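Peer 1: next come a sequence and a model predicted from it.
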Amino acid sequence: MTTTIQKIKKILKSEFETELFDASLKNLEDDNNKLRYHNFSYSIRELSRHFLNSLAPEELVLNCSWFKIETDNGKPTRGQKIKYSIQGGLSDENLIKLGFDIDELRSIIKEVKTTIDSLSKYTHINPESFNLTDGEILTYSEKVLETFENFVETIDNYRGDLKSFLDGKIEEHMIDTIIYNSYENIDSLAPHYSLEYGEVSEYHIREISDKEIIIDVFGSLSVTLEYGSRSDRAVGDGLDIDQSFPFETQIRYEISDEFPSKEYEVDPFDVDTSSWYWDDHVSDKELDELIEKEENKDTTL
């Protein structure tokens, strides 16, 4: 059981959930209370409810285009929260167009719901479960914890599968933004620079929310740092240095009938030039002389 407890603690998302989990385990230590197992089971069931709510906040589920009222109070059902925790605001129709196995997804959602529902049976008090032995309590408690762990891991694993699937559908929309952007920290390295090319080396989905899909993007810019005027460099008095710098940013795609959506935003970003200051590309004296020469030339003009 120790291994399962450790795995669950790594899964929990907030201080409250961790405290609730610790308090649930404390119930099992109350040897004089015949309800210790039932109290433990009830607490874990409540933990599953809070955890699912953290994955699928009610207001976000209500915002989804696929949401339909299925209860008298108009609130999302447990099944709808599980659906959101896996696919966010993406509708089944969206996924079908992309070629995703929607039947398997529906089966997974049903499986997770059954798993969560099964936690309720452990809270029932009847003559058979009222006088449990220590051995029985240990066995049944392990089953409760394994059920909770399975519920969380199933959602997490299948959400990961969906993200990986969508990653394969993403084109590198970053390039134009890279080319037409200005980077202040590169400007500070040389009087002039030219961008040779930008490259996206990695991108993956960070989050699928009710309205957007957020992608982390990593890449590099290859630039030529130019010291001295073009005429100076033409006669060998200037200096050109080719350098590559990494960058990272996020693209936010609006959830629509197509993916990737034509409606997207790129978060403002700059490039990491810290490596420049650690490399002996050119001496400070040489840089100062070139910069001073360029500034004097501009003043003369």
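Peer 2: Cool, got the structure. Residues are numbered from 1 along each chain as shown.
Peer 1: let me see the contact set for the residue nearest in space to the middle of the chain.
Peer 2: Residue closest to the average C-alpha location in the chain (Cα atoms, centre = their mean): residue 206, at 2.9 Å. Residues near residue 206 by Cβ atoms under 8 Å, 6 or more residues apart in numbering: 214, 215, 216, 250. C-beta coordinates here come from the backbone N, C-alpha and C atoms, glycine included.
Peer 1: buried subset of those, written for ChimeraX?
Peer 2: The ChimeraX command for the buried members of the contacts of residue 206 (criterion: 16 or more other Cβ atoms under 10 Å) is given here:
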select :215,250
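Peer 1: quick check: the farthest pair among the contacts of residue 206?
Peer 2: 214 and 216 (7.6 Å; Cβ to Cβ).
Peer 1: shared neighbours of the two, which are they?
Peer 2: Common neighbours of residue 214 and residue 216 (Cβ under 8 Å, 6+ apart) are 205, 206, 250.
Peer 1: scan this protein for its longest helix.
Peer 2: In the chain, with assignment by DSSP state H, the single longest helix is helix 134-167.
Peer 1: returning to that earlier point: mind checking the backbone torsions on the residue nearest to the centre of the chain?
Peer 2: phi -90, psi -40 (degrees, to the nearest 10).
Peer 1: flag the shaky bits of this structure, pLDDT-wise.
Peer 2: 171-182, 230, 233, 278-301 (pLDDT under 70).
Peer 1: ranges for the strands of it?
Peer 2: 192-208, 212-227, 239-254, 264-266 (DSSP state E).
Peer 1: in the longest one, which residues are buried?
Peer 2: The reference is to strand 192-208. 193, 195, 198, 200, 203, 205, 208.
Peer 1: what do you get for stretch 16-32?
Peer 2: 17, 20, 21, 24, 25, 27, 28.
Peer 1: kindly report the same for stretch 259-269.
Peer 2: Judged by neighbour count (16+ other Cβ under 10 Å), stretch 259-269 contains these buried residues: 259, 260, 266, 269.
Peer 1: can I get that stretch in CSV? Just the C-alpha atoms.
Peer 2: Extracted C-alpha coordinates of stretch 259-269, given in CSV (Å, rounded to 0.1, in the frame of the first residue of the first chain):
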residue,chain,number,x,y,z
PHE,A,259,-7.4,22.2,-36.5
PRO,A,260,-5.0,23.9,-36.5
SER,A,261,-7.4,26.8,-36.5
LYS,A,262,-6.7,29.9,-38.6
GLU,A,263,-7.6,31.9,-35.5
TYR,A,264,-4.5,31.8,-33.3
GLU,A,265,-2.3,34.1,-31.2
VAL,A,266,1.5,33.8,-30.5
ASP,A,267,2.5,35.0,-27.0
PRO,A,268,5.1,37.8,-27.1
PHE,A,269,8.6,36.3,-26.7
